[in-house]
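[1] coords below, sequence missing:
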């Protein structure tokens, strides 16, 4: 009889394989594998908007007096950060803005560099967990490997 306090978990459809040098007869102890970090790719239209903003604001910065410097090597004064983030559809409150400021200008130079801005945008555009990610997390709660999670695990 099914326990009404458990939830089914999707079954693992991948075949188990033995590690090199093992015969496969004995079951190896389970190791929790660390999930691979997701590669965040900034969509082309967002990247293009970033470049356009970079072109506009870097021309206004007094640090960019050398016209031969490549666009992405230019810097932008940190005072433009809120405007840039708003133009990229991120309306940040003062607390969030302070966090982003530390991310784009960790040395507190008062400058935004392309690499720092790129990192912030990757962070802001991270994908939410996929269905497969959630199933993997639920499997960790299935201590008995019976496809069910006991209700106390949800508290």
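    Okay, I see it. The structure displayed is predicted, hence computed values, not measured ones.
[2] Tell me the buried residues in stretch 135-148?
    The neighbour-count criterion (16 or more other CB atoms under 10 Å) identifies 142, 148 as the buried residues of stretch 135-148. From N, CA and C alone the C-beta is placed, and that goes for glycine too.
[3] other SSEs contacting the strand or helix carrying residue 48?
    Residue 48 belongs to helix 44-60 when assigned by DSSP states H and E. The contact analysis (3 or more CB pairs under 8 Å, 6 or more residues apart in numbering; DSSP states H and E) places helix 44-60 against strand 75-77, helix 81-87, helix 114-124.
[4] Among these, which comes closest to residue 47?
    In terms of CB to CB, the element of the helices and strands packed on helix 44-60 nearest to residue 47 is helix 114-124, at 8.4 Å.
[5] who touches the closest one?
    Identification of contacts with helix 114-124 by CB atoms under 8 Å, 6 or more residues apart in numbering yields 40, 42, 46, 50, 54, 72-74, 84, 88, 90, 100, 103-106.
[6] Got a ChimeraX select line for the buried ones in those residues?
    Typed into ChimeraX, the line below selects the buried ones among the contacts of helix 114-124, using 16+ other CB under 10 Å:
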select :50,54,74,84,88,90,100,104,105
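[7] on that earlier part again, would you tell me which one of the helices and strands packed on helix 44-60 is buried the most?
    Mean neighbours per residue, mean count of other CB atoms under 10 Å, is largest over the helices and strands packed on helix 44-60 for strand 75-77, with a mean of 21.
[8] So in that sheet, which strands flank it, and in what orientation?
    strand 111-113 (antiparallel) (DSSP bridges).
[9] Now do the partner strand, average pLDDT.
    Averaged across strand 111-113, the pLDDT comes to 92.
[10] same deal with stretch 83-92?
    pLDDT averaged over stretch 83-92 gives 91.
[11] Check stretch 140-155 too.
    77.
[12] going forward can the numbers begin at 33, since that is how I track them
    Sure thing, new numbering starts at 33, so read that last one as stretch 172-187.
[13] Roughly how far does residue 163 sit from residue 184?
    According to CB to CB, to the nearest Å, residue 163 and residue 184 sit 25 Å apart.
[14] quick one on the thing from earlier: what's the angle between the helix holding residue 80 and helix 146-156?
    140 degrees (axes from the mean of the first three to the mean of the last three CA atoms, to 10 degrees).
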